[in-house]
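A predicted structure for the sequence below; I have some questions about it.
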Amino acid sequence: MPMTLMVSAVVSNNVWADGDDPIPFIILPPEGGGDAPLPGGPGNDGGSGGGNSNPKSPVLMPTVVQDGYTLYFYSGCAGSTLQIRDEFETVVYSTAITDETDEITLPTTLSGSYEIRLIRGSNTFVGEIEL
């Protein structure tokens, strides 16, 4: 299952030793310009930083692993909206991810390369998946 970045990476997740590689995500700058927040730590609705809303503070990167049509959510995803977009940037699938969401199975009618977006507050994390 190939997973590639769509644009040059601001940050990517580490490869796991057991062979289940997380989807590499980048952080898009907020709409209206500005710099993307710094990855890799607490703050901005993630982790133990107390929900710091300063866009320059570190951001908890989401950890999502794909196995076929199933996406497994490990960290940094609760309170996000998941969007799957086609090559025309049309949203073909969307759902909310709650604290109780461990996995989601995508519709098997989807086939090909798609952009995956996790939108958490003012942060948007983007990657690419192959179905």
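Sure, I can see it.

ranking helices and strands of the protein by mean pLDDT, which lands last?
strand 26-28 (a mean of 77; mean pLDDT, DSSP states H and E).

how much space between the nearest residue to Thr70 once chain neighbours are set aside and Asp67?
By the measure of CB to CB, 6 or more residues apart in numbering, the closest residue to Thr70 outside its immediate chain neighbours is Thr105, 4.9 Å from it. Backbone N, C-alpha and C define where each C-beta goes, glycine included. Applying CB to CB, to the nearest Å, the value for Thr105 to Asp67 is 10 Å.

how about Pro22?
On the measure of CB to CB, Pro22 and Asp67 end up 12 Å apart.

who has more neighbours, the two?
Pro22 (21 against 11; other CB atoms under 10 Å).

just checking, the more buried one touches Val64?
Yes - if you go by CB atoms under 8 Å, Pro22 and Val64 touch, sitting 6.2 Å apart.

what is in contact with these two at once?
Tyr74 (CB atoms under 8 Å, 6 or more residues apart in numbering).

so Ser94, which of the three states?
Secondary structure, DSSP: H, G, I helix; E, B strand; the rest coil: Ser94 is strand.

and the pLDDT at it?
The model reports Ser94 with a pLDDT of 97.

and for the one 5 residues further on?
Each residue has a pLDDT score; the one for Asp99 is 93.

what of Asp21?
Confidence score, pLDDT, at Asp21: 75.

state the distance from it to Tyr72.
In terms of CB to CB, Asp21 sits 12 Å off from Tyr72.

overlap in contacts of these two?
Joint contacts of Asp21 and Tyr72 (CB under 8 Å, 6+ apart) are Val65.

not counting its neighbours along the chain, what's nearest Leu110?
Leu131 (4.9 Å).

ok, Pro62 touching Ile26?
No - Pro62 lies out of contact with Ile26 (CB under 8 Å); the separation is 11.2 Å.

who touches both of the two?
With CB under 8 Å, 6+ apart, Pro62 and Ile26 have common neighbours Phe125.
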